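Q: need a structure here:
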Amino acid sequence: MPGFKRWSYSKTLLSSRGRLFRADFFVVFLSVALTFFLRYNAQVISLQASMNTNIVVLSMPIYWLISLRFNEAWSLRSIENLQRTLVSILRSGIQAVILVGFTAYALHDQVSRIWMAATSLIITAGLLANRLVVNHLFIRELKTSSGERYILVAKESQIVDFDKLPVRHPGIAPTPSFFRVAPPAKGDSELWLANLARLIQDESYDGIIICTEAITEPRLISEISKLYYLGISVVLLSTPLATEIKLFKQIPFKSWVRIQEPKIVNSGFAVKRIFDAIFAGVALITLSPILLLISVAIKFTSPGPVLYVAKRRGAHGNLFNFYKFRSMVNGADKQRATMIGSPDEQIIDRYLNDTRITNLGRFLRRWSLDELPQLWCVLVGTMSVVGPRPILTEEDSLVNIHSQFRSIVKPGLTGLWQVSGRKEVAWEDRMDMDLEYIQNWSFKQDMVLIGKTFASISSGKGSY
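A: So this is what the prediction gives:
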(Lines give C-alpha, C1' and ligand atoms only; values in the text may rest on other atoms or scores of the structure.)
Protein backbone atom coordinates (compact mmCIF):
# COMPACT_ATOMS: atom_id res chain seq x y z
CA MET A 1 0.00 0.00 0.00
CA PRO A 2 1.13 3.59 -0.63
CA GLY A 3 3.36 5.32 1.85
CA PHE A 4 6.13 7.90 2.11
CA LYS A 5 9.41 6.31 3.22
CA ARG A 6 11.70 9.35 2.86
CA TRP A 7 11.42 13.11 2.38
CA SER A 8 8.88 13.75 -0.32
CA TYR A 9 7.98 16.95 -2.14
CA SER A 10 4.49 15.58 -2.64
CA LYS A 11 4.01 14.82 1.03
CA THR A 12 5.20 18.32 1.94
CA LEU A 13 2.85 19.83 -0.63
CA LEU A 14 -0.16 17.87 0.64
CA SER A 15 0.58 18.65 4.28
CA SER A 16 0.96 22.35 3.39
CA ARG A 17 -2.47 22.31 1.78
CA GLY A 18 -4.01 20.71 4.87
CA ARG A 19 -2.29 23.25 7.10
CA LEU A 20 -3.51 26.13 4.92
CA PHE A 21 -7.09 24.87 4.83
CA ARG A 22 -7.28 24.59 8.62
CA ALA A 23 -5.74 28.05 9.06
CA ASP A 24 -8.15 29.62 6.54
CA PHE A 25 -11.15 27.98 8.21
CA PHE A 26 -10.02 29.36 11.57
CA VAL A 27 -9.38 32.87 10.22
CA VAL A 28 -12.73 33.16 8.42
CA PHE A 29 -14.90 32.08 11.35
CA LEU A 30 -12.83 33.86 14.00
CA SER A 31 -12.89 37.14 12.06
CA VAL A 32 -16.67 37.06 11.64
CA ALA A 33 -17.24 36.09 15.29
CA LEU A 34 -14.81 38.71 16.63
CA THR A 35 -16.09 41.63 14.57
CA PHE A 36 -19.73 40.73 15.27
CA PHE A 37 -18.89 40.34 18.96
CA LEU A 38 -17.49 43.87 19.03
CA ARG A 39 -20.13 45.42 16.78
CA TYR A 40 -23.12 44.06 18.71
CA ASN A 41 -21.89 44.73 22.23
CA ALA A 42 -20.53 41.29 23.20
CA GLN A 43 -23.47 39.31 21.83
CA VAL A 44 -22.04 36.72 19.47
CA ILE A 45 -25.48 36.04 17.98
CA SER A 46 -27.60 38.99 18.94
CA LEU A 47 -31.01 38.02 20.22
CA GLN A 48 -32.05 41.64 19.89
CA ALA A 49 -30.99 41.79 16.25
CA SER A 50 -33.48 40.65 13.66
CA MET A 51 -33.45 37.09 12.40
CA ASN A 52 -32.52 38.48 8.99
CA THR A 53 -29.43 40.16 10.43
CA ASN A 54 -28.32 36.89 12.01
CA ILE A 55 -28.80 35.10 8.67
CA VAL A 56 -26.70 37.70 6.87
CA VAL A 57 -23.94 37.45 9.47
CA LEU A 58 -23.88 33.65 9.40
CA SER A 59 -23.78 33.72 5.60
CA MET A 60 -20.50 35.68 5.59
CA PRO A 61 -18.11 32.79 6.47
CA ILE A 62 -20.07 30.38 4.26
CA TYR A 63 -19.82 32.68 1.24
CA TRP A 64 -16.12 33.19 1.86
CA LEU A 65 -15.40 29.46 2.00
CA ILE A 66 -17.51 28.77 -1.08
CA SER A 67 -15.73 31.53 -3.01
CA LEU A 68 -12.32 30.24 -1.93
CA ARG A 69 -13.23 26.79 -3.16
CA PHE A 70 -14.45 27.98 -6.59
CA ASN A 71 -11.33 30.09 -7.02
CA GLU A 72 -9.21 27.00 -6.27
CA ALA A 73 -7.52 28.64 -3.29
CA TRP A 74 -6.66 25.19 -1.92
CA SER A 75 -5.63 23.46 -5.14
CA LEU A 76 -2.13 22.02 -5.25
CA ARG A 77 -1.16 24.41 -8.05
CA SER A 78 -2.16 27.37 -5.88
CA ILE A 79 -0.03 26.12 -3.01
CA GLU A 80 2.97 25.95 -5.33
CA ASN A 81 2.36 29.39 -6.84
CA LEU A 82 2.12 32.26 -4.33
CA GLN A 83 1.03 34.81 -6.93
CA ARG A 84 -1.77 32.54 -8.11
CA THR A 85 -3.11 31.95 -4.62
CA LEU A 86 -2.99 35.67 -3.74
CA VAL A 87 -5.11 36.45 -6.79
CA SER A 88 -7.60 33.76 -5.76
CA ILE A 89 -7.96 35.45 -2.33
CA LEU A 90 -8.77 38.83 -3.86
CA ARG A 91 -11.31 37.30 -6.24
CA SER A 92 -12.90 35.37 -3.40
CA GLY A 93 -13.19 38.52 -1.30
CA ILE A 94 -14.97 40.44 -4.04
CA GLN A 95 -17.37 37.57 -4.68
CA ALA A 96 -18.10 37.02 -0.97
CA VAL A 97 -18.87 40.72 -0.38
CA ILE A 98 -21.21 40.79 -3.39
CA LEU A 99 -23.01 37.67 -2.17
CA VAL A 100 -23.39 39.01 1.38
CA GLY A 101 -24.63 42.34 0.03
CA PHE A 102 -27.13 40.61 -2.20
CA THR A 103 -28.37 38.49 0.74
CA ALA A 104 -28.81 41.60 2.89
CA TYR A 105 -30.69 43.34 0.08
CA ALA A 106 -32.95 40.31 -0.55
CA LEU A 107 -33.82 40.11 3.14
CA HIS A 108 -34.30 43.89 3.43
CA ASP A 109 -31.80 43.86 6.25
CA GLN A 110 -29.90 46.91 7.49
CA VAL A 111 -26.77 45.08 8.65
CA SER A 112 -23.88 47.48 9.18
CA ARG A 113 -21.97 48.11 5.94
CA ILE A 114 -19.00 49.18 8.04
CA TRP A 115 -19.07 45.76 9.73
CA MET A 116 -19.20 44.03 6.35
CA ALA A 117 -16.27 46.02 5.00
CA ALA A 118 -14.16 45.70 8.15
CA THR A 119 -14.78 41.95 8.40
CA SER A 120 -13.89 41.40 4.75
CA LEU A 121 -10.66 43.37 5.12
CA ILE A 122 -9.68 41.41 8.24
CA ILE A 123 -10.45 38.09 6.57
CA THR A 124 -8.46 39.09 3.48
CA ALA A 125 -5.50 40.16 5.59
CA GLY A 126 -5.66 36.92 7.60
CA LEU A 127 -5.85 34.72 4.50
CA LEU A 128 -2.96 36.56 2.87
CA ALA A 129 -0.93 36.13 6.05
CA ASN A 130 -1.75 32.41 6.09
CA ARG A 131 -0.43 32.03 2.56
CA LEU A 132 2.74 33.97 3.22
CA VAL A 133 3.49 31.85 6.28
CA VAL A 134 2.64 28.52 4.62
CA ASN A 135 4.60 29.48 1.48
CA HIS A 136 7.61 30.50 3.60
CA LEU A 137 7.56 27.18 5.48
CA PHE A 138 7.09 25.28 2.22
CA ILE A 139 10.01 26.99 0.46
CA ARG A 140 12.22 26.68 3.54
CA GLU A 141 11.67 22.95 3.70
CA LEU A 142 12.15 22.69 -0.06
CA LYS A 143 15.52 24.46 0.07
CA THR A 144 16.84 22.12 2.75
CA SER A 145 15.49 19.00 1.07
CA SER A 146 17.22 16.44 -1.09
CA GLY A 147 15.21 17.65 -4.10
CA GLU A 148 12.31 16.29 -6.10
CA ARG A 149 12.46 12.84 -7.62
CA TYR A 150 10.80 12.07 -10.94
CA ILE A 151 10.22 9.02 -13.07
CA LEU A 152 11.09 9.95 -16.65
CA VAL A 153 9.35 7.91 -19.35
CA ALA A 154 11.31 8.15 -22.61
CA LYS A 155 12.24 5.90 -25.50
CA GLU A 156 15.67 4.31 -25.24
CA SER A 157 16.77 6.02 -28.45
CA GLN A 158 15.50 9.42 -27.35
CA ILE A 159 18.02 12.09 -26.33
CA VAL A 160 16.67 14.05 -23.36
CA ASP A 161 17.80 17.57 -22.51
CA PHE A 162 17.35 17.52 -18.75
CA ASP A 163 17.78 21.30 -18.50
CA LYS A 164 14.58 21.78 -20.51
CA LEU A 165 12.36 19.44 -18.52
CA PRO A 166 9.45 21.23 -16.76
CA VAL A 167 10.57 20.93 -13.14
CA ARG A 168 9.01 22.96 -10.35
CA HIS A 169 10.75 25.81 -8.50
CA PRO A 170 13.90 26.00 -10.66
CA GLY A 171 16.67 27.93 -8.93
CA ILE A 172 15.05 27.53 -5.50
CA ALA A 173 14.96 23.81 -4.85
CA PRO A 174 17.95 21.48 -5.20
CA THR A 175 18.43 19.94 -8.64
CA PRO A 176 15.81 17.20 -9.10
CA SER A 177 16.78 13.63 -9.85
CA PHE A 178 15.31 11.45 -12.59
CA PHE A 179 14.88 7.72 -12.90
CA ARG A 180 14.49 6.85 -16.55
CA VAL A 181 12.22 4.04 -17.67
CA ALA A 182 11.35 2.88 -21.17
CA PRO A 183 7.71 2.89 -22.33
CA PRO A 184 5.94 -0.48 -22.38
CA ALA A 185 6.32 -2.87 -25.27
CA LYS A 186 3.21 -3.59 -27.31
CA GLY A 187 0.78 -5.73 -25.30
CA ASP A 188 2.82 -5.34 -22.10
CA SER A 189 1.12 -2.30 -20.57
CA GLU A 190 -0.51 -4.16 -17.65
CA LEU A 191 2.77 -5.46 -16.26
CA TRP A 192 4.49 -2.16 -17.01
CA LEU A 193 1.86 -0.23 -15.03
CA ALA A 194 2.14 -2.61 -12.09
CA ASN A 195 5.94 -2.23 -12.03
CA LEU A 196 5.63 1.56 -12.30
CA ALA A 197 3.21 1.65 -9.37
CA ARG A 198 5.51 -0.55 -7.30
CA LEU A 199 8.47 1.71 -8.09
CA ILE A 200 6.59 4.84 -6.98
CA GLN A 201 5.40 3.11 -3.83
CA ASP A 202 8.81 1.79 -2.81
CA GLU A 203 10.88 4.87 -3.64
CA SER A 204 8.44 7.76 -2.93
CA TYR A 205 8.74 9.52 -6.27
CA ASP A 206 7.09 12.92 -6.59
CA GLY A 207 5.92 12.84 -10.19
CA ILE A 208 6.02 11.33 -13.66
CA ILE A 209 7.30 13.09 -16.78
CA ILE A 210 6.36 11.52 -20.11
CA CYS A 211 8.47 12.69 -23.05
CA THR A 212 7.24 13.30 -26.59
CA GLU A 213 5.85 10.19 -28.31
CA ALA A 214 6.98 7.92 -25.48
CA ILE A 215 3.33 7.05 -24.83
CA THR A 216 0.59 7.98 -27.28
CA GLU A 217 -2.18 5.54 -26.37
CA PRO A 218 -5.01 7.51 -24.64
CA ARG A 219 -6.09 4.56 -22.49
CA LEU A 220 -2.58 4.07 -21.11
CA ILE A 221 -2.20 7.80 -20.41
CA SER A 222 -5.49 7.63 -18.52
CA GLU A 223 -4.25 4.67 -16.47
CA ILE A 224 -1.01 6.50 -15.65
CA SER A 225 -3.01 9.49 -14.41
CA LYS A 226 -4.68 7.20 -11.87
CA LEU A 227 -1.32 6.73 -10.15
CA TYR A 228 -2.06 9.91 -8.23
CA TYR A 229 -3.47 7.56 -5.61
CA LEU A 230 0.11 6.62 -4.71
CA GLY A 231 0.81 10.14 -3.44
CA ILE A 232 2.57 11.70 -6.43
CA SER A 233 1.68 15.35 -7.02
CA VAL A 234 2.15 15.78 -10.77
CA VAL A 235 2.00 13.89 -14.06
CA LEU A 236 3.39 15.85 -17.03
CA LEU A 237 3.08 14.97 -20.69
CA SER A 238 4.90 16.45 -23.68
CA THR A 239 2.72 16.63 -26.78
CA PRO A 240 2.52 18.97 -29.82
CA LEU A 241 -1.28 18.86 -29.33
CA ALA A 242 -1.07 20.40 -25.84
CA THR A 243 -3.21 23.42 -26.74
CA GLU A 244 -5.91 21.17 -28.20
CA ILE A 245 -6.36 18.81 -25.27
CA LYS A 246 -9.14 20.34 -23.17
CA LEU A 247 -8.87 17.86 -20.29
CA PHE A 248 -5.24 18.76 -19.63
CA LYS A 249 -3.99 21.89 -17.87
CA GLN A 250 -1.48 24.19 -19.52
CA ILE A 251 1.74 24.90 -17.63
CA PRO A 252 4.35 27.61 -18.39
CA PHE A 253 6.40 25.25 -20.58
CA LYS A 254 5.84 25.04 -24.33
CA SER A 255 4.20 21.79 -25.53
CA TRP A 256 3.83 20.43 -21.98
CA VAL A 257 0.60 19.77 -20.15
CA ARG A 258 -0.28 18.62 -16.67
CA ILE A 259 -2.63 15.67 -16.43
CA GLN A 260 -5.15 16.79 -13.84
CA GLU A 261 -5.83 14.83 -10.70
CA PRO A 262 -9.56 14.29 -10.00
CA LYS A 263 -11.51 17.31 -8.70
CA ILE A 264 -12.44 15.35 -5.61
CA VAL A 265 -8.85 15.53 -4.32
CA ASN A 266 -8.03 18.99 -5.65
CA SER A 267 -10.59 21.79 -5.86
CA GLY A 268 -13.27 19.57 -4.26
CA PHE A 269 -11.13 18.70 -1.25
CA ALA A 270 -12.28 21.66 0.87
CA VAL A 271 -15.97 21.37 -0.02
CA LYS A 272 -16.13 17.73 1.04
CA ARG A 273 -14.26 18.31 4.28
CA ILE A 274 -16.43 21.26 5.34
CA PHE A 275 -19.62 19.42 4.49
CA ASP A 276 -18.41 16.23 6.22
CA ALA A 277 -17.60 18.05 9.46
CA ILE A 278 -20.94 19.90 9.56
CA PHE A 279 -23.00 16.85 8.56
CA ALA A 280 -21.32 14.51 11.05
CA GLY A 281 -21.41 17.02 13.91
CA VAL A 282 -25.11 17.80 13.47
CA ALA A 283 -25.99 14.12 12.95
CA LEU A 284 -24.15 12.96 16.08
CA ILE A 285 -25.89 15.57 18.24
CA THR A 286 -29.33 14.94 16.71
CA LEU A 287 -29.07 11.15 16.85
CA SER A 288 -27.46 10.91 20.30
CA PRO A 289 -30.63 9.55 22.00
CA ILE A 290 -30.89 6.80 19.35
CA LEU A 291 -27.19 6.00 19.69
CA LEU A 292 -27.63 5.62 23.45
CA LEU A 293 -30.72 3.43 23.05
CA ILE A 294 -28.96 1.10 20.59
CA SER A 295 -25.93 0.85 22.89
CA VAL A 296 -28.11 -0.22 25.81
CA ALA A 297 -30.02 -2.72 23.65
CA ILE A 298 -26.81 -4.37 22.41
CA LYS A 299 -25.41 -4.61 25.93
CA PHE A 300 -28.52 -6.31 27.28
CA THR A 301 -29.20 -8.71 24.37
CA SER A 302 -25.81 -10.35 23.77
CA PRO A 303 -22.48 -10.66 25.60
CA GLY A 304 -19.58 -8.61 24.29
CA PRO A 305 -18.69 -4.98 23.59
CA VAL A 306 -21.19 -2.46 22.19
CA LEU A 307 -18.89 -1.40 19.37
CA TYR A 308 -17.10 -3.50 16.80
CA VAL A 309 -13.72 -1.92 16.08
CA ALA A 310 -11.47 -3.05 13.23
CA LYS A 311 -8.77 -1.71 10.97
CA ARG A 312 -9.74 -0.59 7.48
CA ARG A 313 -7.86 0.89 4.53
CA GLY A 314 -8.35 4.63 4.22
CA ALA A 315 -7.03 7.31 1.89
CA HIS A 316 -3.64 6.44 0.36
CA GLY A 317 -3.83 3.00 1.93
CA ASN A 318 -3.44 4.23 5.51
CA LEU A 319 -5.09 2.11 8.20
CA PHE A 320 -7.67 3.68 10.52
CA ASN A 321 -10.04 2.53 13.26
CA PHE A 322 -13.41 1.64 11.77
CA TYR A 323 -16.46 1.58 14.10
CA LYS A 324 -19.81 -0.18 13.90
CA PHE A 325 -22.44 -1.18 16.41
CA ARG A 326 -21.81 -4.87 17.03
CA SER A 327 -24.44 -6.83 15.10
CA MET A 328 -22.81 -10.27 15.38
CA VAL A 329 -21.77 -12.61 18.15
CA ASN A 330 -18.57 -11.62 19.91
CA GLY A 331 -15.48 -12.74 17.95
CA ALA A 332 -17.42 -13.23 14.70
CA ASP A 333 -14.62 -11.79 12.57
CA LYS A 334 -12.50 -14.87 13.29
CA GLN A 335 -15.13 -17.00 11.55
CA ARG A 336 -15.45 -14.80 8.47
CA ALA A 337 -13.06 -16.78 6.26
CA THR A 338 -15.00 -20.02 6.72
CA MET A 339 -18.47 -18.47 6.79
CA ILE A 340 -18.23 -15.89 3.95
CA GLY A 341 -15.04 -16.63 2.02
CA SER A 342 -14.01 -14.70 -1.09
CA PRO A 343 -16.44 -12.86 -3.43
CA ASP A 344 -18.04 -15.20 -5.98
CA GLU A 345 -21.49 -15.98 -7.40
CA GLN A 346 -22.67 -17.71 -4.20
CA ILE A 347 -21.57 -15.02 -1.76
CA ILE A 348 -25.08 -13.52 -1.50
CA ASP A 349 -26.46 -16.85 -0.28
CA ARG A 350 -23.73 -17.05 2.33
CA TYR A 351 -24.57 -13.52 3.50
CA LEU A 352 -28.25 -14.44 3.81
CA ASN A 353 -27.46 -17.53 5.88
CA ASP A 354 -24.82 -15.97 8.12
CA THR A 355 -25.49 -17.47 11.55
CA ARG A 356 -23.10 -15.06 13.28
CA ILE A 357 -25.66 -12.22 13.12
CA THR A 358 -27.74 -11.67 16.26
CA ASN A 359 -31.50 -11.02 16.20
CA LEU A 360 -30.98 -7.38 17.14
CA GLY A 361 -28.12 -7.25 14.65
CA ARG A 362 -30.43 -8.19 11.78
CA PHE A 363 -32.70 -5.30 12.69
CA LEU A 364 -29.78 -2.89 12.90
CA ARG A 365 -28.43 -4.06 9.55
CA ARG A 366 -31.85 -3.88 7.90
CA TRP A 367 -32.00 -0.14 8.63
CA SER A 368 -28.22 0.44 8.47
CA LEU A 369 -28.23 1.60 12.10
CA ASP A 370 -25.08 -0.41 12.76
CA GLU A 371 -23.18 2.07 10.57
CA LEU A 372 -24.01 5.14 12.67
CA PRO A 373 -20.78 5.11 14.77
CA GLN A 374 -18.88 5.82 11.55
CA LEU A 375 -20.17 9.38 11.84
CA TRP A 376 -17.34 9.80 14.34
CA CYS A 377 -14.85 8.70 11.65
CA VAL A 378 -16.34 11.32 9.35
CA LEU A 379 -16.07 14.01 12.03
CA VAL A 380 -12.38 13.33 12.76
CA GLY A 381 -11.54 13.08 9.06
CA THR A 382 -10.70 9.41 8.45
CA MET A 383 -13.90 8.90 6.43
CA SER A 384 -16.25 11.00 4.31
CA VAL A 385 -20.04 11.00 4.09
CA VAL A 386 -19.87 9.85 0.46
CA GLY A 387 -17.06 7.80 -1.07
CA PRO A 388 -15.91 4.26 -1.81
CA ARG A 389 -16.78 1.93 1.03
CA PRO A 390 -13.74 0.82 3.07
CA ILE A 391 -12.55 -2.70 2.38
CA LEU A 392 -11.19 -5.32 4.74
CA THR A 393 -7.42 -5.65 5.00
CA GLU A 394 -7.72 -9.28 3.84
CA GLU A 395 -9.40 -8.02 0.65
CA ASP A 396 -6.31 -6.05 -0.40
CA SER A 397 -5.23 -8.81 -2.76
CA LEU A 398 -8.56 -8.57 -4.62
CA VAL A 399 -7.94 -4.93 -5.62
CA ASN A 400 -6.06 -4.82 -8.92
CA ILE A 401 -3.76 -2.05 -10.16
CA HIS A 402 -6.65 -0.20 -11.84
CA SER A 403 -8.99 -0.34 -8.83
CA GLN A 404 -6.32 0.85 -6.38
CA PHE A 405 -7.10 4.31 -7.69
CA ARG A 406 -10.08 4.26 -5.31
CA SER A 407 -7.70 4.85 -2.38
CA ILE A 408 -6.95 8.39 -3.59
CA VAL A 409 -9.99 9.51 -1.55
CA LYS A 410 -11.35 8.82 1.91
CA PRO A 411 -13.79 5.91 2.22
CA GLY A 412 -17.41 6.90 2.71
CA LEU A 413 -20.48 6.05 4.77
CA THR A 414 -22.32 5.58 1.50
CA GLY A 415 -21.38 5.47 -2.15
CA LEU A 416 -22.47 4.70 -5.67
CA TRP A 417 -22.68 0.93 -5.25
CA GLN A 418 -24.32 1.34 -1.85
CA VAL A 419 -27.37 2.84 -3.57
CA SER A 420 -27.22 0.32 -6.43
CA GLY A 421 -27.97 -2.87 -4.53
CA ARG A 422 -25.40 -2.82 -1.70
CA LYS A 423 -24.12 -6.35 -1.12
CA GLU A 424 -25.95 -7.66 -4.17
CA VAL A 425 -23.49 -5.75 -6.40
CA ALA A 426 -20.66 -7.95 -7.70
CA TRP A 427 -17.11 -7.16 -6.56
CA GLU A 428 -15.89 -6.06 -10.00
CA ASP A 429 -18.92 -3.80 -10.41
CA ARG A 430 -18.24 -2.24 -7.02
CA MET A 431 -14.70 -1.34 -8.07
CA ASP A 432 -15.92 0.10 -11.38
CA MET A 433 -18.57 2.20 -9.60
CA ASP A 434 -15.98 3.56 -7.16
CA LEU A 435 -13.74 4.66 -10.03
CA GLU A 436 -16.70 6.22 -11.84
CA TYR A 437 -17.60 8.18 -8.71
CA ILE A 438 -14.06 9.52 -8.26
CA GLN A 439 -13.56 10.54 -11.87
CA ASN A 440 -16.97 12.24 -12.18
CA TRP A 441 -17.28 13.71 -8.69
CA SER A 442 -19.34 16.80 -8.01
CA PHE A 443 -20.93 18.19 -4.87
CA LYS A 444 -24.32 17.86 -6.53
CA GLN A 445 -23.66 14.16 -7.09
CA ASP A 446 -22.87 13.72 -3.40
CA MET A 447 -26.20 15.30 -2.46
CA VAL A 448 -28.02 13.01 -4.91
CA LEU A 449 -26.29 9.92 -3.49
CA ILE A 450 -27.18 10.92 0.08
CA GLY A 451 -30.82 11.24 -0.96
CA LYS A 452 -30.72 7.89 -2.74
CA THR A 453 -29.16 6.30 0.34
CA PHE A 454 -32.32 6.91 2.38
CA ALA A 455 -34.40 5.41 -0.43
CA SER A 456 -32.07 2.41 -0.58
CA ILE A 457 -32.33 1.88 3.18
CA SER A 458 -36.13 2.04 2.98
CA SER A 459 -36.24 -0.60 0.25
CA GLY A 460 -34.01 -2.95 2.23
CA LYS A 461 -32.34 -4.25 -0.93
CA GLY A 462 -29.00 -5.86 -0.16
CA SER A 463 -29.24 -5.10 3.58
CA TYR A 464 -27.95 -8.26 5.22
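
Q: residue 181 is in contact with residue 156, correct?
A: No: with contact defined as CB atoms under 8 Å, residue 156 does not reach residue 181; the gap is 10.0 Å. Just so you know, the C-beta spots here come from the backbone N, C-alpha and C atoms, and that holds for glycine as well.

Q: so for those two, which sits in the more crowded spot?
A: In this view residue 156 and residue 181 are compared by other CB atoms under 10 Å, and residue 181 has more residues nearby, 16 against 7.

Q: for residue 134, see how far away the closest residue in space to residue 128 that isn't next to it in sequence is.
A: Of all residues not flanking residue 128 in the chain, residue 89 sits nearest, at 6.0 Å (CB to CB, 6 or more residues apart in numbering). Distance, residue 89 to residue 134, using CB to CB, to the nearest Å: 12 Å.

Q: of those two, who's got more company?
A: For residue 89 and residue 134, the more surrounded residue by other CB under 10 Å is residue 89, and the numbers stand at 24 against 21.

Q: gap between the more buried one and residue 169?
A: From residue 89 over to residue 169 (counting by CB to CB), the distance is 21 Å.

Q: again with residue 219
A: Residue 219 is 32 Å from residue 169, by CB to CB.

Q: ditto for residue 459
A: Distance of residue 459 to residue 169, given as CB to CB: 53 Å.

Q: more neighbours: these two, which one.
A: Higher neighbour count among residue 459 and residue 169: residue 169, with 17 against 12, using other CB under 10 Å.

Q: spit out the contact partners of residue 85.
A: Residues in contact with residue 85 (CB atoms under 8 Å, 6 or more residues apart in numbering) are 73, 78, 79, 131, 135.

Q: repeat that for residue 207.
A: With CB under 8 Å, 6+ apart, residue 207 has these contacts: 10, 148, 150, 151, 232, 233, 234, 235, 236.

Q: for the fifth one, what are phi and psi?
A: Looking back up the chat, that one is residue 232. phi -70, psi 160 (degrees, to the nearest 10).

Q: for residue 310, same thing?
A: Main-chain torsions, residue 310, degrees, to the nearest 10: phi -150, psi 160.

Q: pLDDT at it, what is it?
A: In this model, residue 310 is scored at 89, pLDDT.

Q: quick check, it in contact with residue 328.
A: No: in this structure, residue 310 is not within contact of residue 328 by CB under 8 Å, at 11.7 Å.

Q: who has more neighbours, these two?
A: Shown here are residue 310 and residue 328; by other CB under 10 Å, residue 328 has more neighbours (22 against 13).

Q: so what's the more buried one bridging to?
A: Assessed by DSSP bridges, residue 328 has beta-bridge partners residue 357.

Q: residue contacts, it?
A: With contacts defined as CB under 8 Å, 6+ apart, residue 328 is in contact with 308, 354, 356, 357, 358, 361.

Q: distance of the fourth one from residue 392?
A: Here residue 357 is placed at a distance of 17 Å from residue 392 (CB to CB).

Q: more neighbours: which of those two?
A: Neighbours were counted for residue 357 and for residue 392 using other CB under 10 Å; residue 357 has more, 19 against 15.

Q: doesn't residue 326 make contact with the more buried one?
A: No: Residue 357 lies out of contact with residue 326 (CB under 8 Å); the separation is 10.4 Å.

Q: touching both of those two, which residues are there?
A: With CB under 8 Å, 6+ apart as the test, residue 357 and residue 326 reach no residue in common.

Q: so what's the gap between stretch 18-36 and the chain middle?
A: On the basis of CA atoms, centre = their mean, to the nearest Å, stretch 18-36 sits 21 Å off its chain's mean C-alpha point.

Q: 19 is where my numbering starts, stick with that
A: Right, with 19 as the first residue, what we last looked at is stretch 36-54.

Q: may I see the buried residues of it?
A: 37-39, 41-43, 45-47, 49-50, 53-54 (16 or more other CB atoms under 10 Å).

Q: can you tell me which of those are in helices?
A: The helices, defined by DSSP state H, take in 37-39, 41-43, 45-47, 49-50, 53-54 from the buried residues of stretch 36-54.

Q: ok, of the residues you listed, which one's closest to residue 216?
A: Closest approach between those and residue 216, by CB to CB: residue 37, at 30.2 Å.

Q: how about the contacts made by the nearest residue to that closest one once chain neighbours are set aside?
A: Of all residues not flanking residue 37 in the chain, residue 152 sits nearest, at 5.9 Å (CB to CB, 6+ apart). Contacts for residue 152 (CB under 8 Å, 6+ apart) come out as 34, 37, 38, 41, 97.

Q: in CSV, list these along with distance to residue 70.
A: Output for these, formatted as CSV (distance: CB to CB, whole Å):
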residue, distance to residue 70
34, 39
37, 36
38, 33
41, 31
97, 38
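
Q: show me which pair in the residues you listed is furthest apart.
A: The farthest-apart pair in the contacts of residue 152, when distances are taken by CB to CB, is 41 and 97, at 12.3 Å.

Q: is residue 187 in contact with residue 161, as I believe?
A: No: using CB under 8 Å, residue 187 is not in contact with residue 161, being 9.2 Å away.

Q: that older thread, and the buried residues of stretch 36-54, which is closest to residue 416?
A: residue 39 (33.5 Å).

Q: what distance do you get for that closest one to residue 201?
A: In this view, residue 39 and residue 201 are 37 Å apart by CB to CB.

Q: swap in residue 91?
A: Computed as CB to CB, the residue 91 to residue 201 distance reads 37 Å.

Q: for those two, indicate the residue with more neighbours.
A: More neighbours surround residue 91 than the other of residue 91 and residue 201, with 27 against 21 (other CB under 10 Å).

Q: and the more buried one, what pLDDT?
A: Residue 91 carries a pLDDT value of 87.

Q: residue 172 now?
A: We have a pLDDT of 90 for residue 172.

Q: again with residue 302
A: Looking at residue 302, the pLDDT reads 95.

Q: which ones are touching the nearest residue to it once chain neighbours are set aside?
A: Closest residue to residue 302 apart from its sequence neighbours, by CB to CB, 6+ apart: residue 393 at 5.2 Å. With contact set as CB under 8 Å, 6+ apart, residue 393 has these partners: 298, 301, 302, 305, 431.

Q: quick check: the fourth one touching residue 390?
A: Yes: in this structure residue 305 lies within contact range of residue 390 using CB under 8 Å: 6.4 Å.

Q: which one of these two is surrounded by more residues?
A: Using other CB under 10 Å, the more surrounded residue of residue 305 and residue 390 is residue 390, with 20 against 15.

Q: re earlier: residue 244: which of the buried residues of stretch 36-54 is nearest?
A: Set against residue 244, the nearest of these by CB to CB is residue 39 (24.2 Å).

Q: residues contacting that closest one?
A: Contacts of residue 39 by CB under 8 Å, 6+ apart are 92, 287, 288, 291.
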